[in-house]
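Novice: Build me a model:
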Amino acid sequence: METNFSNRVQTIIQFSREEALRLGHDYIGTEHLLLGLIREGGGVAVKILGNLGANLDEIKCAVEDAVKSTGETIRSVNIPFTKRAEKILKMAYVKAERYKSYIIDAEHLLLALVSEDEGVAAQVLLNFDITYDAVREELENILQGTPSNKRTPLSTSLRKSESSSTSAVGFIDESPAITPFKDGAVYELPKLKFRDTVNVFSAIALTDSLVFKKPREAWFRGFRRHIRQGERSPFAVRFASAEEMNINTLLAKFPEFGDAYEQNVEHAHFLMAHKLQYERIRGADCIRIPPSRFILVKEHSFWFQKGLLPVIVQEKVPGTPLIEMFDEAAQCIRPQWIRFLSKINSVLKSLIGSSLCNHFNWYIGNFLYDRVNNVLYYVDPKPSCIFGKPENEHNIQALQAAFFESEWQALY
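Specialist: Numbering: from 1, shown residues only. Modelled structure (predicted):
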C-alpha cells in the first residue's frame with residue numbers, strides 16, 4: 001500500500017513521525033498524522049479545511065493541548081504506528097478507491113481521520129465543526145469545480161502562499177520561509193540532512209516549506225565541462241555562450257555574489273550560472289517557477305573544497321509530479337487525471353512552441369501539476385547546456401506520447 005502514497009502523503013507521514021518525537025511520544029497516533037498534515041500545509045486537504053473555516057494554527061494548538069508533550073527525548077526513529085493510526089492509513093486507501101484514485105493523497109487521509117470518531121484527531125476536528133460529512137461534501141464540491149466560499153485565513157504562513165496562486169504566471173510571491181536567504185551568502189545549517197535520491201544530479205534536504213538541492217558529482221562535472229571549461233559538445237541541448245557564462249560578466253550582472261566569489265571562485269561561478277538560468281526560465285509566460293536562492297553552506301565532510309557547499313534553495317510547491325499521473329504498466333494516463341489533461345497539455349504545447357523550449361529539461365519528473373489552483377510548475381534549476389540534446393528530445397517525445405495522445409483518446 002505504501003507504494004500508492006503520493007509524495008505529499010509520504011511527507012505527511014515523515015512529518016508525523018517527527019511531530020511524535022518532538023512531543024516525546026514513542027508512538028505515532030492519529031493526532032500526529034493530523035499534525036503532519038497541518039505541517040505539510042498544502043494540497044486539497046488543507047484547501048478543504050480552509051473552505052470549512054478552519055484555522056490551522058488553532059487546530060495545531062488544540063492537538064498539542066489534547067496530548068501534551070512528555071518532555072522526554074525519544075532516541076529511536078523507528079517508532080510504531082498505533083493500531084488506530086494503522087487503521088487510518090488503510091482507510092485512506094479505501095477512500096482513494098472510492099474516488100477511483102490509484103494514488104492515496106492528503107484528502108483521502110483527511111477523510112479517514114475524520115471518519116474514526118474515537119481518534120484524537122477526529123475529536124479535535126469535531127470541536128472545530130470539521131465532520132466527516134462536511135469534509136466529504138467539500139471534497140466533492142472541489143472535484144466538481146464548485147468549492148465553498150466559507151473561508152477564514154488558514155494561518156499566517158499559508159495566507160502568503162495562497163496569495164501567490166493569483167500571481168502572474170512564471171512568478172510566485174515569496175513566502176516568509178525563503179526571504180531570510182540571500183543570494184551568494186554563506187550559511188551554517190547544522191540540522192540540514194541531505195539524502196540521495198534516484199536523481200543522479202542532486203541530493204536534497206527538506207524542511208516544512210523549502211527544498212535544498214546539493215549538486216552531486218555528476219551535476220558539478222557537467223558544470224565544469226560545459227560552463228567553466230566551455231566544452232562545446234555536439235550532444236548538448238545548446239552551447240553556453242562564452243560571453244554570458246564568463247565569470248566576470250556574471251559578477252557584473254549579479255554583484256551580490258561578490259562575497260561568495262571571495263570565498264570560492266568555482267562555487268560562486270556555479271551559483272551565478274544557475275541564477276542566470278533561473279532568471280531566464282522565469283520569462284516563460286505559461287508555467288510557474290518556484291522562488292529560489294543560490295547560497296553557500298558550511299559543511300564538514302564532503303568532496304567539495306574549502307568546507308563550503310553550493311546549494312540551491314527552492315520553495316516547496318504544491319502538486320503532483322506528472323510522472324505519478326502516468327501508469328507505466330498500462331502505458332497511459334491514470335483515469336483520475338484525464339479531466340486535467342486539457343490544461344496540462346495547453347501549457348506543455350505553449351512551452352514546446354516557445355523560444356525557451358531548449359532551456360528546459362523535459363524529463364517528466366521536473367513538472368508538477370497543482371490541480372487545486374490549476375497550475376503547472378517546473379522545478380529543475382540546471383542550465384540547459386549541462387544536459388544532453390538526444391535525451392531531451394526523447395523526453396519531449398515521451399511527454400507528447402503520454403499526455404497529448406491520452407487527451408486525444410479521451411476525446412474519441
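
Novice: Now do the helix or strand containing Leu399: distance to the chain's middle.
Specialist: Here Leu399 sits within helix 389-399, counting by DSSP states H and E. Its chain's C-alpha centre and that of helix 389-399 lie 23 Å apart, by C-alpha atoms, centre = their mean, to the nearest Å.

Novice: buried set for it?
Specialist: Buried residues in helix 389-399, counted by 16 or more other C-beta atoms under 10 Å: 392, 395-396, 399. Any C-beta I mention is one placed from the backbone N, CA and C, and that applies to glycine too.

Novice: Show me which of these is closest to Phe257.
Specialist: Closest approach between the buried residues of helix 389-399 and Phe257, by C-beta to C-beta: Asn392, at 28.1 Å.

Novice: ok, Thr249 - how many residues close by?
Specialist: For Thr249, the count of nearby residues is 15 (other C-beta atoms under 10 Å).

Novice: Next secondary structure after the strand or helix carrying it?
Specialist: Assessed by DSSP H and E, Thr249 sits inside helix 247-253. Downstream of helix 247-253, the first helix or strand assigned by DSSP H and E is helix 258-263.

Novice: What's the first helix or strand after that following helix?
Specialist: Next along from helix 258-263, by DSSP H and E: helix 265-281.

Novice: And that next one, what's buried?
Specialist: Neighbour-count burial for helix 265-281, with 16+ other C-beta under 10 Å as criterion, is recorded at 266-278, 281.

Novice: and that helix, what does it pack onto?
Specialist: Counting contacts by 3 or more C-beta pairs under 8 Å, 6 or more residues apart in numbering; DSSP states H and E, helix 265-281 packs against helix 217-223, helix 247-253, helix 258-263, strand 292-298, strand 308-315.

Novice: The ones you listed into a markdown table, with extra columns for distance to Gln10?
Specialist: Formatted as a markdown table, the helices and strands packed on helix 265-281 follow (distance: least, C-beta to C-beta, whole Å):
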| stretch | distance to Gln10 |
| --- | --- |
| helix 217-223 | 24 |
| helix 247-253 | 38 |
| helix 258-263 | 34 |
| strand 292-298 | 23 |
| strand 308-315 | 18 |
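
Novice: weakest of those by average pLDDT?
Specialist: Note on the helices and strands packed on helix 265-281: lowest mean pLDDT is at helix 217-223, with a mean of 76.

Novice: Mind listing what's buried along that one?
Specialist: Here helix 217-223 shows 219-220, 222-223 as buried, counting by 16+ other C-beta under 10 Å.

Novice: I am assuming Ala134 contacts Gly53, so please confirm or correct that.
Specialist: No. Using C-beta atoms under 8 Å, Ala134 is not in contact with Gly53, being 9.8 Å away.

Novice: residue ranges of the strands in this protein, please?
Specialist: For the chain, the strands defined by DSSP state E occupy 186-188, 195-196, 202-206, 210-215, 292-298, 308-315, 320-321, 326-327, 332-333, 367-370, 375-378.

Novice: out of those strands, nearest to Lys83?
Specialist: strand 202-206 (28.7 Å).

Novice: mean confidence for stretch 123-143?
Specialist: Mean predicted lDDT for stretch 123-143 stands at 87.

Novice: The residue lying closest to Ala273 once chain neighbours are set aside: neighbouring residues, count only.
Specialist: Excluding its sequence neighbours, the residue lying closest to Ala273 (C-beta to C-beta, 6 or more residues apart in numbering) is Ile227, at 5.2 Å. Residues near Ile227, counting by other C-beta under 10 Å, number 25.

Novice: Give me the below-cutoff pLDDT ranges for this protein.
Specialist: The model of the chain has pLDDT under 70 over residues 1-3, 69-77, 146-175, 197-201, 226, 228-243, 300-306, 384-388, 406-412.

Novice: Show the contacting residues for Val67.
Specialist: 23, 25, 29, 31, 120 (C-beta atoms under 8 Å, 6 or more residues apart in numbering).

Novice: Show me which of these is closest to Ile204.
Specialist: Distances from Ile204 to the contacts of Val67, taken by C-beta to C-beta, are shortest for Leu23, at 26.2 Å.

Novice: Does the closest one touch Glu64 like I think?
Specialist: Yes. Contact criterion C-beta under 8 Å: Leu23 and Glu64 qualify, at 7.3 Å.

Novice: and the two? which has more neighbours close in?
Specialist: Leu23 (19 against 16).

Novice: Tell me how far that one lies from Val297.
Specialist: Leu23 sits 29 Å away from Val297, going by C-beta to C-beta, to the nearest Å.

Novice: Same check on Leu109?
Specialist: Taking C-beta to C-beta as the measure, Leu109 falls 33 Å from Val297.

Novice: Return the distance of the residue nearest to Ala273 relative to Glu393.
Specialist: Noted for Ile227: a distance of 21 Å to Glu393, by C-beta to C-beta.

Novice: and what of Glu18?
Specialist: Taking C-beta to C-beta, one finds Glu18 at 42 Å from Glu393.

Novice: follow-up on the earlier one: quick one: which of the helices and strands packed on helix 265-281 is nearest Ala205?
Specialist: Here strand 308-315 is closest among the helices and strands packed on helix 265-281 (C-beta to C-beta), at 8.6 Å.

Novice: Run the angle between that closest one and strand 202-206 for me.
Specialist: On the basis of axes from the mean of the first three to the mean of the last three C-alpha atoms, to 10 degrees, strand 308-315 is oriented at 60 degrees to strand 202-206.

Novice: Neighbouring strands - and their directions - for strand 308-315?
Specialist: strand 210-215 (antiparallel), strand 292-298 (antiparallel) (DSSP bridges).

Novice: tilt between the first one and helix 265-281?
Specialist: Interaxial angle, strand 210-215 versus helix 265-281 (the same axes, to 10 degrees): 130 degrees.

Novice: that older thread, so for Ile178, which of the helices and strands packed on helix 265-281 sits nearest?
Specialist: Going by C-beta to C-beta, the one of those nearest Ile178 is strand 308-315, 5.3 Å.

Novice: so who does the nearest residue to Pro310 once chain neighbours are set aside touch?
Specialist: Among residues not flanking Pro310 along the chain, His267 sits closest, at 4.4 Å (C-beta to C-beta, 6+ apart). Under the criterion of C-beta under 8 Å, 6+ apart, the contact list for His267 reads 260, 296, 304, 308-310.
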